[in-house]
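Participant: no sequence for this one, just the structure:
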C-alpha cells in the first residue's frame, strides 16, 4: 500500500482517534442530501484541502458509517465492488441515473452527474 497521507495527518500512534481531515470529509459526506452526490474532488474543493485521492482514501478507510454512496467518481461510474449496494441506495433515494445500453459492460447504470451533483448549497454553515 502506498504511503499516501491525508492532509494535516499526523501518523501518530493513537489508532482510536480519527484524523482531523477524515472527520471533516465524513462530515461533508453526511451533509449530502438523499438523492444527490458529490465527487471526491468536490469534497476536497469544499474543504479547501487535499484532493480527490485523499478524499477517496478517507472514504475507503472510514466511510462505512456515513452515506458513502453519495461520494462518487466524477464520471458517474458506480464504485467497483460496491455497485449493487450503491445502486440499491440510489434507487431508494431517487438519485438520477442514466440507464446503461445493452452493449455496456455489466449493464449497470451510471449516475446522471448533471442532475445528481450537489454543490453544497443549502448546507453551507461552517464553510469558509
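Facilitator: Received, thanks. Owing to the predicted nature of the structure, the values given are computational and were not obtained by experimental measurement.
Participant: Residue 115 and residue 71: what is the separation?
Facilitator: According to CB to CB, to the nearest Å, residue 115 stands 17 Å off from residue 71. Using the backbone N, CA and C atoms, a C-beta is placed for each residue, glycine as well.
Participant: Pull out the buried positions in the one helix or strand residue 23 maps to.
Facilitator: Assigned by DSSP states H and E, residue 23 falls within helix 20-31. If you call a residue buried by 16 or more other CB atoms under 10 Å, then helix 20-31 has these buried ones: 21-22, 24-26, 28-29, 31.
Participant: who's in contact with stretch 85-93?
Facilitator: Stretch 85-93 is contacted by residues 34-35, 67, 69, 78-79, 95, 97, 108-109, 111 when judged by CB atoms under 8 Å, 6 or more residues apart in numbering.
Participant: Neighbour count for residue 115 and residue 71, which is higher?
Facilitator: Neighbour tally, residue 115 and residue 71, criterion other CB atoms under 10 Å: the higher count belongs to residue 71, 24 against 13.
Participant: Assess the claim that that one and residue 38 are in contact.
Facilitator: Yes. The pair residue 71 and residue 38 passes the contact test of CB atoms under 8 Å, sitting 5.9 Å apart.
Participant: For these two, list the residues in contact with both.
Facilitator: In terms of CB under 8 Å, 6+ apart, residue 71 and residue 38 are both contacted by the residues 28-29, 32.
Participant: which residue packs closest to residue 18, ignoring adjacent ones?
Facilitator: residue 62 (6.4 Å; CB to CB, 6 or more residues apart in numbering).
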